[in-house]
Each structure stands twice: as structure tokens, then as C-alpha cells.
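Enquirer: would you be able to build a 3D model of this:
(2 chains)
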There are 2 protein chains.
Amino acid sequence: MQPNQGILLVISGPSGVGKGTICSRLLQKLTDIQFSISVTTRDPRVGEQEGVNYYFVSEEEFMRMRANDELLEWAEVFGNFYGTPRYAVQAALDAGKDVLLEIDIQGAMQVKASFPECVTIFVWPPTVDELERRIRQRGTETPEAIERRLRKSKLEMAHVVNYDYVVVNHPGQVDAAVGEVEAILVAEKAKVARRLSQLQAILKEV
Amino acid sequence: MQPNQGILLVISGPSGVGKGTICSRLLQKLTDIQFSISVTTRDPRVGEQEGVNYYFVSEEEFMRMRANDELLEWAEVFGNFYGTPRYAVQAALDAGKDVLLEIDIQGAMQVKASFPECVTIFVWPPTVDELERRIRQRGTETPEAIERRLRKSKLEMAHVVNYDYVVVNHPGQVDAAVGEVEAILVAEKAKVARRLSQLQAILKEV
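Expert: Numbering: from 1, shown residues only, chains lettered A, B, ... in the order given. Model prediction:
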């Protein structure tokens, strides 16, 4: 008995919590999970490829997609638009593939609203001090920008209550966090609610 | 961040599906899970020990426990009473220990009703033919008893829709089924709904 639908796994969390590291490790380990590729209106940077890093679209095309409810979520950042195309995600799920979406908290909440059967995981810092340390050590931003990011991250933590699962990212133990995400995926596939149609088909034969 | 409450894991399924094998393997692997010990009014058999196999109680004591809602579930089998004492389960959970309860379908539904935060797993046969083969090969019963058990098992399968999870017990792959149960336990511990009080305590400090 195999689940016929893939699972949309949304990994999110405050800035600086290390969700990117967890996602890249997950993609290395689970070769049959598909990473969701965003559409964007910004120009490709050197080395970026269409359909690998992003789908590059015109602003007109983006607005058309947004108006037609073709985006699971979207955001505007520095005048450029970014979004998650519903069609590509749905096609992968229908083919039985799981899809991984790494996204900020606002985006995750949009996805949950437009695709309630997704599984949302909030990556949680081991301590608030550790989160602060990680944000400060990036060192690529001005002190003001760092303070802004820090305040934002702390506010974002309150959104954990809207998520399905919380996974703590302890320093130097990214594999433990990845293991928890894998367990969540196994458990979600074993949920009766996700397998009702298959189970009912078998029960008819009994 | 550790969950402060243990999880009551209810493993159930039709007669002959192999839930006993899964539970013994699970108890071997997860040494910090506690097996729930039932109370019974029947006499101890040779070698059975109080507090190991059962808690042996008088019928009067059993009826008192039942009337005081001290049993998570109970059943009468051939004139003897069996039940799951709520106090022992609750004490273990409060100490942060997980508790494993292997139980038939009627009992599992009673436990879910009186302890809704429990996690229920339905062990599912790979095929109905395989379930039939397993029941027939026991060979300790009359053909009529076997037919009765078979009909009962098939009826019981319909109850899967009332469970949280379904785990298929494929022949010769009990470790795979045990792995799924372990993953379910990990995932349940990561559920935001089970960690709300801890998360809210941390959020107050932020």
C-alpha cells in the first residue's frame, strides 16, 4: 500500500536559524524529494539558470499568475516579485513525489492557507542567545541592519504556534534535526487521513 | 527543549496481524518506553508475576476501579475481567516516559475516548490473503473457531478509519514496521500542539 500523493513539506523559521543548512542536507539524503523552484521577475544573476535556480518571468506574466491564483505564495522584495508556482508543486505531488519548500514565515502562512494539506515545520533555535550569535556572526550587514534582523527574528518566533511541527537546530547537530524531519515525513505518510481512499478501496474488497 | 510529557502509544489491529511481534521488537529497541501492565481478576498462571505480567485483583476491587473511572479501558473475556489502570499510565507519562499499550480494537477505541491525546496505530496486513494465512497457520483452534476469528478480523479492519496512523506489517519485514512506529513517536514529540506550554514559556523570555 503506497501513498499515491506526495507531501508538500514547508520548512520555515526565523532568519538565522539555519533552515537552509537543514534543507540542503535533506536534499542530499532524500534524492526523491523535489525542491520547489520559485518564479521571479528579477534578472538572472551570472550563473543562474532558468528552471534550476528560478523560473524568470516578466512582471506582466507574474501579475497574470498572481491574478489567476497560480501562486501558492508571493512576496515583493526590493521591487522584485517572487512566488511559488502552484502548478509545478501540484504536478510533482500528483506524481507521488514529495516537494520541499524553504520559505520565510509570511510565505509559509500563505502556503498553509492556500494548500492546507501541506506539512509545516518551524526550525527553532537552541536558545535565543545562539540565534543572536548566528545573526551577528554573518558580518555582512551594518549594525543597524543586524539589530533590525534580530528584532524581526524574535517577533517571528511567536508564529511557531501556527505550525504543525517544531524542530530544534542544535549547534553541530544538523543531522539530528534532519533525522527529525525525515521521521516527520515517514509519520505523515502513515497518517490514516492521508490514506483514506486507498484504505477504503481495500476495505471494499474484504 | 524536551517534551515534559510522555506519549501513550496504542498499538492495535485485527487478530493475526502480528501486532505482538512489533511490540516486543519495539520494547527491545526502545528501552525507555514502558509497557502498560493490565489488571485482571483471573488467577495467576504458573510463572506469572504480580506487577510483571498483570496486576492481579479481586472482582470487587476491579468493579470499584471501574466505577471510579480508574480504568482507561476494560473488557470481560470468558468471565474474567481485564483493564488498563489509568493511574500507572498517567504516572509514567508525567515522569516523561512513553507508554506502550498493545490492545484489541474495542479497547483502543475506549482508550482514545478516555485519553484523547494518545497516539493510535493500526497494524495493517499486507494483503487480506496473508492475514487469512496467518490466522489459519496458528493451528491451535477448531476450523469453526478459525472461521469466526477470520470474519472478526475482516470486520475489525474497517475500524482503521478511527485511528491516527496505519502501519503495514509486511512478511519478514517487521523491522520496517518497527521503524515506522519509531518515526511516528519522533514526529509526535515534535508536534507544536504537544509543546505549546514550553514554547510559550520560551516566547515570554524573548
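Enquirer: assign A:Ala99 to helix, strand or coil.
Expert: Not quite, residue A:99 is Val, not Ala. For A:Val99, the secondary-structure state derived from DSSP: H, G, I helix; E, B strand; the rest coil is strand.
Enquirer: is it in a bridge, and if so with what?
Expert: A:Val99 has these beta-bridge partners by DSSP bridges: A:Leu8, A:Gln34.
Enquirer: quick one: name whatever helix or strand follows the worst-scoring helix or strand of chain A on mean pLDDT.
Expert: The weakest-scoring helix or strand in chain A, judged by mean pLDDT, DSSP states H and E, is helix A:128-137 (a mean of 85). Once the chain leaves helix A:128-137, the next helix or strand it forms, by DSSP states H and E, is helix A:143-157.
Enquirer: mind listing the strands for chain A?
Expert: Along chain A, the stretches classed as strands by DSSP state E are A:8-12, A:33-35, A:38-40, A:54-56, A:71-77, A:80-85, A:98-102, A:119-124, A:165-168.
Enquirer: for the longest one, packing partners?
Expert: When contacts are defined as 3 or more C-beta pairs under 8 Å, 6 or more residues apart in numbering or on different chains; DSSP states H and E, strand A:71-77 packs onto helix A:59-67, strand A:80-85, helix A:86-94, helix A:105-114. Placement of C-beta: from N, CA and C, glycine included.
Enquirer: just want the angle from the last one to strand A:119-124.
Expert: Going by axes from the mean of the first three to the mean of the last three C-alpha atoms, to 10 degrees, helix A:105-114 is angled at 160 degrees with respect to strand A:119-124.
Enquirer: check the offset of helix A:105-114 from the chain's centre.
Expert: Helix A:105-114 sits 9 Å away from the centroid of its parent chain (C-alpha atoms, centre = their mean, to the nearest Å).
Enquirer: do the same with the second one
Expert: What separates the centre of strand A:80-85 from the centre of its chain is 14 Å, taken as C-alpha atoms, centre = their mean.
Enquirer: buried stuff in it?
Expert: For strand A:80-85, burial by neighbour count (16 or more other C-beta atoms under 10 Å in any protein chain shown) applies to A:81-85.
Enquirer: before we move on, back to that, may I have the least confident helix or strand of chain A exported as CSV, CA atoms only?
Expert: Coordinates of the C-alpha atoms in helix A:128-137 are reproduced here as CSV (Å, rounded to 0.1, in the frame of the first residue of the first chain):
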residue,chain,number,x,y,z
VAL,A,128,17.7,32.9,21.8
ASP,A,129,21.4,33.8,22.6
GLU,A,130,22.5,31.3,20.0
LEU,A,131,20.1,32.8,17.4
GLU,A,132,21.6,36.3,18.2
ARG,A,133,25.1,34.9,17.9
ARG,A,134,24.4,33.4,14.5
ILE,A,135,22.8,36.6,13.1
ARG,A,136,25.7,38.7,14.4
GLN,A,137,28.4,36.5,13.0
